[in-house]
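J.: predicted model, plus sequence, below.
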Amino acid sequence: MIVLFALYLVLFLAGFYLLGLAFTVSAFQGLIFAAGILVISLAVGLLFHTQSRRS
């Protein structure tokens, strides 16, 4: 349970980091921003997916 929470938290924060990084790099801003959105979506999706199976 703690390991899954740590995984969700790391993915969620990495997504926010990628969103912020997109504004500071000089190339591939759109790809980095899109990757950030996808990583955040993955974190939230995994959280909901694993929580629905435990109930």
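T.: Ah, there it is.
J.: quick one: least confident helix or strand in the protein?
T.: helix 29-54 (a mean of 91; mean pLDDT, DSSP states H and E).
J.: flag every buried residue along it.
T.: For helix 29-54, the buried set under the neighbour-count rule, 16 or more other C-beta atoms under 10 Å, comprises 32-33, 35-36, 39-40, 43, 47. To be clear about C-beta, it is placed using only N, CA and C from the backbone, and glycine gets the same treatment.
J.: other SSEs contacting that helix?
T.: Using 3 or more C-beta pairs under 8 Å, 6 or more residues apart in numbering; DSSP states H and E, the elements in contact with helix 29-54 are helix 2-21.
J.: now the helix it packs on: mean pLDDT?
T.: Across helix 2-21, the average pLDDT comes to 96.
J.: from the chain's centre, how far out does that helix sit?
T.: 5 Å (C-alpha atoms, centre = their mean, to the nearest Å).
J.: elements contacting it?
T.: helix 29-54.
J.: run a quick neighbour tally on residue 18.
T.: Neighbourhood size, residue 18 [other C-beta atoms under 10 Å]: 19.
J.: kind regards, and thank you for your time.
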